[in-house]
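Visitor: fold the following for me, if possible:
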Amino acid sequence: MADDSGACQTKNANDYDDDDNNAAVGPSLDAGDIALLKTYGLGPYTEAIKKVEAEIKTHQDRVKERVGIKESDTGLGLPSQWDLVADKQMMQEEQPLQVARCTKIIDAGTDDAKHLIN
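Guide: Numbering: from 1, shown residues only. Predicted coordinates for the structure are as follows:
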């Protein structure tokens, strides 16, 4: 045991049967078996809930289309929620925070210019 310090204490003899890998495939499922598996685990209200969820989704899409809301990943709020006067006052009173610094511009002057920031 002193020679095996740090060695793996579990052994995998790898004495598996080759027949397990080549196990025979069971009989194929017929339409009745597939229908049974689809309904297994479904509650009495599952279909009604799915219909209502689809209806809600269509109504949400209609509302978004009519209002003109587009989801964006910029983190900006809606223009109706902006407080430009308070933001301008805050910018005059406080020092702006430095978020990043541009360290290098690759391919400057081209349309494919890339900026390295820290």
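Visitor: contacting residues for residue 80?
Guide: By CB atoms under 8 Å, 6 or more residues apart in numbering, no residues touch residue 80. Heads up, the C-betas are built off the backbone N, CA and C, glycines and all.
Visitor: quick one: secondary structure of it?
Guide: Three-state secondary structure (criterion: DSSP: H, G, I helix; E, B strand; the rest coil) places residue 80 in helix.
Visitor: how close does it sit to residue 68?
Guide: Going from residue 80 to residue 68 by CB to CB, to the nearest Å gives 12 Å.
Visitor: please apply the same query to residue 118.
Guide: Relative to residue 68, and taking CB to CB, residue 118 is found at 38 Å.
Visitor: to the chain's geometric centre, what's the distance from stretch 79-98?
Guide: In terms of CA atoms, centre = their mean, to the nearest Å, the centre of stretch 79-98 is set 33 Å apart from its chain centre.
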